[in-house]
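J.: sequence below, structure please.
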Amino acid sequence: MRSEQIVEAVLFASDAPLRAEEIARADESLDEDAVEEAIRVLRTRYAAGEQAFEVVEIAEGFQLLTRPEFAPYLERFDTVPRPGRLSGPALETLAIVAYRQPIGRLEMEYVRGVGSVGVIRTLQDRGLIEVAGRAEGLGRPLLYGTTVTFLEHFGFRSLEDLPRPEELPIILRDRTIPVLPEESNGSPAAGDEEVGEGFGEEA
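T.: Model prediction:
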């Protein structure tokens, strides 16, 4: 069995991105260099054959995906899995976490201007953000960061694929930490209108 056949089978069967070292576990003859060479061969072959799929580098791994130009055809089928769409508040909060991580809840609420307990909880339930540590100071409030699922959802190879700071709204570009009141660890802020809202799976 040729290396590219083994790598192709692993990529075809996996529903999540795999790093080269993970793919190499498929056979003793493979190592990271052999996997990356096999992926290069597959990419060349798919491009030459004008295939409807390609090997994409995403979330610090590789995945076999249909090409973006075929999305309009696939959207007509309920049997084709697709990521849930995010509500406006969810996208807003996720952008703040992505650019200012690790970040605490009160800083998110300072940037957004509204309470964010509910939407943070929903983003955690969806696996898009996670607790990344604790801040210093009274109560050591939780700090949040994005996850590998976040990279997969948006098709990023890594956080370096995010738009550059100079392309951002000023509120996201400015890393100045505001003076915040003492954060009561995990308790809802007054006026938190997000509780129970979540993503609200838009149609």
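
J.: C-alpha from now on. contacts and neighbour counts both.
T.: Will do.

J.: what about the helices in this protein?
T.: 3-13, 20-23, 32-48, 71-74, 88-100, 105-112, 117-125, 148-154, 170-173 (DSSP state H).

J.: tell me the helices and strands packed up against the longest one.
T.: With contacts defined as 3 or more Cα pairs under 8 Å, 6 or more residues apart in numbering; DSSP states H and E, helix 32-48 has these neighbours: helix 3-13, helix 20-23, strand 53-58.

J.: run the angle between that helix and helix 3-13 for me.
T.: 80 degrees (axes from the mean of the first three to the mean of the last three Cα atoms, to 10 degrees).

J.: next, the angle strand 53-58 makes with helix 32-48.
T.: 140 degrees.

J.: what does the first one give?
T.: For helix 3-13 against strand 53-58, the angle by the same axes, to 10 degrees is 80 degrees.

J.: helices or strands up against helix 3-13?
T.: For helix 3-13, the packing partners by 3+ Cα pairs under 8 Å, 6+ apart are helix 32-48, strand 61-66.

J.: pick the most deeply packed of those.
T.: strand 61-66 (a mean of 19; mean count of other Cα atoms under 10 Å).

J.: please work out the average pLDDT along that one.
T.: Confidence over strand 61-66 (mean pLDDT, whole number) is 94.

J.: what's the weakest-modelled helix or strand in this protein?
T.: Across the helices and strands of the chain, the lowest-confidence element by mean pLDDT, DSSP states H and E is helix 170-173, at a mean of 60.

J.: find the nearest non-adjacent residue to the residue positioned nearest the centre of the chain, please.
T.: Centroid-nearest residue in the chain, with Cα atoms, centre = their mean: F150, separated by 1.3 Å. Distance criterion Cα to Cα, 6 or more residues apart in numbering; nearest residue to F150, sequence neighbours excluded, is L128 at 4.7 Å.

J.: please apply the same query to V80.
T.: In space, V80 is closest to L74, 6.6 Å off (Cα to Cα, 6+ apart).

J.: now the one you found: how far from R164?
T.: Per Cα to Cα, to the nearest Å, L74 is found 31 Å from R164.

J.: show me which of the two is the more surrounded one.
T.: Using other Cα atoms under 10 Å, the more surrounded residue of L74 and R164 is L74, with 14 against 10.
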